[in-house]
Every structure is written in structure tokens, then in C-alpha cells.
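# Sharing a model prediction with you, sequence too.
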Amino acid sequence: MAGVPGQANQTRVESKTQLVEYIESGNKPKEQWRVGTEHEKFGFRLSDKQALPYDGPSGIQAVLNGMCRFGWEAVAEGDNIIALKQDGASITLEPGGQFELSGAPLDTIWQTCDEVNTHLDQVQQVSRELNVGFIGLGFTPNMRREDVPMMPKGRYQIMRNYMPKVGTMGLDMMFRTCTVQANLDYRSEADMVKKFRVSLALQPVATALFANSPFIEGKPNGYLSYRSHVWEDTDPDRCGVLPFVFEDGMSFERYVDYVLDVPMYFIYRDGRYIDVAGQSFRAFMEGRLPGRPGELPTMDDWEQHMTTVFPEVRLKKFLEMRGADGGPWKRLCALPALWVGLLYDDAVLDAAWDLVKDWSIEDHERLRADVPRLALKARIGDGTIQDVARKVLDLSAEGLRRRARLDYKGDDETGFLSSLRHIAETGRTQADDLLAAYNTRWNGSVLPVFDEYAY
């Protein structure tokens with residue numbers, strides 16, 4: 001989720017060192033590590049299962065206004081409410097009206113799950129009044145791209161114009177996908193590098209376990225995670241496997257160099273977005289941005305630019321896990337649990353690295369292509385991703401047990417992995433279940449998914 005631009009750090013960027021120090025400032029001692037959970041969901045009219053427009057008595061703006069009764073503060077762009085904020089959390093809109101909760105950084109999975117439950121309870125209350133619903137899937141099962149309304153955020157028009165120039169699926173990414181994401185901390189550059197390598201290598205495991213997007217425009221699409229496939233041809237400059245992460249010399253500076261080489265989308269000045277799509281941030285730092293000679297970027301420009309790179313793991317002042325499809329209510333807390341268990345215990349992190357350290361870049365690339373189609377059946381070495389997933393879940397459970405964050409009944413956080421454990425043991429993803437229903441009791445229709453799987 002990108003913040004509201006133009007309201008943050010207006011310090012001028014005069015050297016790359018400032019950009020490196022910005023990321024380095026995310027270093028935190030272990031006792032300050034937190035987890036943030038973000039999830040997106042599709043809104044739809046109960047009457048015809050079509051996407052919600054922004055305006056109108058049952059539109060997205062009406063949902064945002066309805067949420068304000070719970071203490072959320074509205075954030076506007078021009079005359080339109082485009083976000084809400086409250087106590088370190090925010091609700092934002094993706095281009096096609098996907099409704100996103102960006103949770104506050106919290107200490108335990110119990111707390112982040114309470115946050116998710118409270119949010120979805122509030123959404124349900126507002127939705128019932130407006131005769132609308134929300135559902136967690138990786139890709140909208142019934143809507144054509146051209147029928148999805150675009151939200152009134154200036155940056156999205158710029159991205160909409162640019163995406164078809166660099167890939168065939170960028171507009172699908174913008175308008176027809178949903179994800180669940182977990183954000184985690186690091187203590188140092190070396191810790192960041194190890195966590196980045198492990199989590200980037202294991203994103204295909206998360207993609208497989210959370211695969212939940214087998215339909216497009218009312219029919220099976222040949223994939224189990226079509227959302228993940230969409231990223232394969234969105235924009236090669238800002239997506240895909242990052243080989244340099246696994247190379248000697250990976251550092252905060254190396255990541256900054258990568259982001260500097262990603263073409264810009266926009267800058268924000270005087271309350272509006274200015275299209276600079278395809279231009280170089282390096283040139284901007286030298287005062288050579290076309291149309292704005294001599295002007296230097298601000299740190300706010302840099303923060304916004306960092307949100308426009310889309311690897312499976314993204315580095316800011318924390319690490320973002322981005323490989324999972326959106327999913328059902330009961331599984332939204334499983335993703336942060338998975339990654340906290342793996343990354344927040346040093347011994348488990350080392351063991352996870354041992355699982356993947358011998359994988360080649362070719363292995364990473366092959367998994368990136370195979371897992372969206374095959375999910376747990378994709379092969380690596382002498383086994384499958386299902387085999388890896390079982391080991392990964394064992395490690396994550398070990399990390400969560402040793403964390404020993406207990407609820408009022410004395411239970412630790414390992415229970416949040418149960419839904420993933422079932423998928424790993426059976427080899428059946430939610431996408432497999434949806435396809436089975438489509439081919440049997442749904443009689444070749446995707447519309448029952450809205451009745452059976454809505455929040």
C-alpha cells in the first residue's frame with residue numbers, strides 16, 4: 001500500500017547515500033520486531049455479482065463512508081475519499097476497487113488476527129446495509145478487464161496508460177487481482193540479506209499453499225494461481241526473480257541500485273500526479289528530469305517510487321512477502337504466521353536457508369513459471385514443492401513454538417498454520433476445491449463462489 005504522497009518527508013535527495021540510509025534506518029533490535037498484515041478483497045453487488053463502482057448508493061465511496069462510524073479518518077484526493085486511517089492501520093483502494101486493509105505493525109499473530117477479525121466484522125456490518133459483499137480470491141472469477149471500474153486516484157491513470165507498453169498483463173494485475181501480504185523486520189544488513197534470500201526462494205511455496213485463482217471470465221484458466229501468472233508479464237523492469245539477491249555483494253546499496261534502475265511512473269506536485277512514466281530516477285537526482293530542469297527529488301518521491309517495484313519480496317524499511325493469493329477469512333492469519341515462524345527465529349532461519357541454498361537461479365526461474373500452473377505438484381530437485389512445503393511448515397511451527405507468544409488460554413501461535421498444514425498434507429489447494437465444485441455441483445458456473453466463499 002502506498003501512502004498519501006506529498007505529505008511526508010520533503011528533504012531533498014542529493015546523494016545515493018541518503019537512499020541507502022533510508023532503508024538502513026529500518027534496522028531494529030529483535031525485541032522491537034513486529035508483523036504487519038495486508039489483505040485485499042473484491043467488492044461485488046449481491047444482486048448480480050458485478051464489481052462495485054466508486055460512486056453511487058452501493059459504491060466503494062459509500063463503503064468508505066460507512067466505515068467512518070468505527071473511528072476511521074477519511075483521506076481525500078481532490079474531492080474523493082480514497083483511503084481511511086486509524087491507529088497505524090489504513091484502508092486503501094487498488095485500481096479496480098479492491099478493498100485493502102494495511103494493518104498496523106503488531107507484536108503477535110494473535111493481535112494481527114484480532115485486527116483482521118475486527119476489520120472484517122466492520123466490513124460485514126456496512127456491506128449488509130448496502131446490499132454488497134466482499135470475497136477473497138486471487139483473481140476475479142467473472143469480470144472482464146474492461147468492465148471493472150477504475151478508482152479515482154491519479155496515479156492509476158498514469159499506470160493504466162503505461163502498463164500496455166511494457167507487458168500484456170499489467171492491466172489485469174491492476175484491476176483483477178487480490179493478495180494477502182505480510183511485512184517483517186530485520187536487525188541489520190546481514191540479517192536483511194539472509195531473510196531476503198530465504199523468503200524470496202520460498203515464495204513459490206507460499207504461492208502454492210495459497211493458490212486460489214483458477215477462473216477467468218467465468219471459465220477455468222488453466223492455472224491454480226492465475227494471479228501469480230499475471231506477474232510474469234506485467235513489467236520485466238520491476239517484476240520477477242531478482243538474481244542479485246543471491247549473489248555476493250547483496251546489500252542495502254545493491255537494492256537501491258536496483259530500484260534506481262526501475263523506470264518511474266509519476267511524481268506528486270501541488271496536489272496532483274504528474275506523468276513521468278519511463279523516466280529515470282537517477283536523472284531526476286541529477287536535476288535532469290524532462291520538463292522539470294534543475295529540480296531534485298524529495299525523500300517522499302523516493303518512498304513513492306519504491307512502491308512501484310513489484311518483486312515477490314520487496315524491501316523498504318521492512319521486508320514484504322508478496323507471493324500469496326487473496327483467500328478466505330480463516331487463512332488470512334496463516335500467512336503472517338508462516339513467515340514469522342520462519343524468519344524470526346535464528347536457528348529456524350538457518351535451517352530454512354539450508355533447504356534452499358543449493359537452488360540455482362534456473363531453479364528459481366523454473367519454479368516461478370511452474371508453480372502458478374502446478375502449485376504443490378511443481379518439481380524441485382528430486383521432489384515436489386509439496387515436499388518442501390511440509391518441511392517449511394515444520395520449521396515455521398518450530399519457530400512459533402519457541403517464540404512462545406501465548407493467548408489467554410496458554411496456546412502458542414502454531415494453530416494459525418493448521419489450514420496450511422491440511423493443504424500441504426492433502427496436496428489439494430483451494431483452487432483445486434473450486435475447480436471440483438465448478439465441474440460438479442456448480443454445473444459449470446463460477447457465480448456460486450460468491451455465495452459460498454464471501455466474507
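Structure's in. What do you need?
# before we move on, what SS does R402 have?
Under DSSP: H, G, I helix; E, B strand; the rest coil, R402 falls in the helix class.
# Could you pull up the residues touching the nearest residue in space to it that is not next to it in sequence?
Nearest non-adjacent residue to R402, counting by C-beta to C-beta, 6 or more residues apart in numbering: D345, 5.4 Å away. For glycine as for every other residue, the C-beta is placed from the backbone atoms N, C-alpha and C. Residues near D345 by C-beta atoms under 8 Å, 6 or more residues apart in numbering: E398, G399, R402, R403.
# Now do the contacts for the second one.
Read it as G399. Counting by C-beta under 8 Å, 6+ apart, G399 has contacts V340, G341, L342, L343, Y344, D345, V348, L349.
# Take those residues and write them to a markdown table, including pLDDT, secondary structure and distance to D114.
Formatted as a markdown table, the contacts of G399 follow (pLDDT from 0 to 100; DSSP: H, G, I helix; E, B strand; the rest coil; distance: C-beta to C-beta, whole Å):
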| residue | pLDDT | secondary structure | distance to D114 |
| --- | --- | --- | --- |
| V340 | 99 | helix | 15 |
| G341 | 98 | helix | 19 |
| L342 | 98 | helix | 22 |
| L343 | 98 | helix | 22 |
| Y344 | 98 | coil | 19 |
| D345 | 98 | coil | 23 |
| V348 | 98 | helix | 25 |
| L349 | 98 | helix | 26 |
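# will you turn the residues you listed into a markdown table that also has distance to P214?
Output for these, formatted as a markdown table (distance: C-beta to C-beta, whole Å):
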| residue | distance to P214 |
| --- | --- |
| V340 | 28 |
| G341 | 28 |
| L342 | 27 |
| L343 | 29 |
| Y344 | 33 |
| D345 | 34 |
| V348 | 32 |
| L349 | 33 |
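# Low-confidence ranges, this structure, go.
The model of the chain has pLDDT under 70 over residues 1-8.
# Could you pull out the buried residues of stretch 157-175?
Using 16 or more other C-beta atoms under 10 Å as the test for burial, stretch 157-175 gives 158-159, 162-163, 166-167, 169-175.
# Can you verify K85 is assigned to a helix?
No - counting by three-state DSSP, K85 is not part of a helix but strand.
# Tell me how far it lies from N65.
From K85 across to N65, the span is 15 Å (C-beta to C-beta, to the nearest Å).
# centre of the chain versus the host helix or strand of A347, how much separation?
Using DSSP states H and E, A347 sits in helix 346-356. How far helix 346-356 lies from its chain's middle: 24 Å, per C-alpha atoms, centre = their mean, to the nearest Å.
# if we can go back for a sec, F310: which of the contacts of D345 is nearest?
G399 (27.4 Å; C-beta to C-beta).
# Now do the helices in the stretch 151-300 of the chain.
For the stretch 151-300 of the chain, the helices defined by DSSP state H, counting those that start in this stretch cover 154-166, 170-176, 189-209, 226-230, 252-261, 281-285, 299-306.
# related to what we said a few turns ago, possible to save the buried residues of stretch 157-175 as CSV with distance to V132?
Formatted as CSV, those follow (distance: C-beta to C-beta, whole Å):
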residue, distance to V132
I158, 28
M159, 26
Y162, 31
M163, 28
V166, 34
G167, 32
M169, 27
G170, 27
L171, 24
D172, 23
M173, 24
M174, 21
F175, 18
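# hmm, back to that, out of the contacts of G399, which two sit at the greatest distance?
Largest separation among these by C-beta to C-beta: V340 and L349, giving 11.2 Å.
# ok, these two, which is more surrounded?
V340 (25 against 21; other C-beta atoms under 10 Å).
# Excluding residues flanking it in the chain, which one is nearest the more buried one?
V35 (5.4 Å).
# And for N80?
The nearest residue in space to N80 (C-beta to C-beta, 6+ apart) is P152, at 4.6 Å.
# Count residues in the vicinity of the one you found, would you?
For P152, using other C-beta under 10 Å, the count is 18.
# Was I right to think it contacts I81?
No - taking contacts as C-beta atoms under 8 Å, P152 lies outside contact range of I81: 9.5 Å.
# show me what contacts the closest residue to G88 other than its chain neighbours?
The spatially closest residue to G88, leaving aside those adjacent along the chain, is A104, at 3.4 Å (C-beta to C-beta, 6+ apart). Each residue near A104 by C-beta under 8 Å, 6+ apart is listed here: G36, D87, G88, A89, E115.
# ok, now how distant is A104 from I158?
Taking C-beta to C-beta, one finds A104 at 29 Å from I158.
# Same question for G327.
Taking C-beta to C-beta, one finds G327 at 30 Å from I158.
# Could you do V166 as well?
Following C-beta to C-beta, the distance that separates V166 from I158 is 13 Å.
# try R238
With C-beta to C-beta as the criterion, R238 and I158 are 14 Å apart.
# do the same with F196
F196 is 29 Å from I158, by C-beta to C-beta.
# cool, S251 as well?
From S251 to I158 the distance is 31 Å (C-beta to C-beta).
# do E24 as well
Using C-beta to C-beta, E24 is found at 30 Å from I158.
# Over to G96?
G96 is 16 Å from I158, by C-beta to C-beta.
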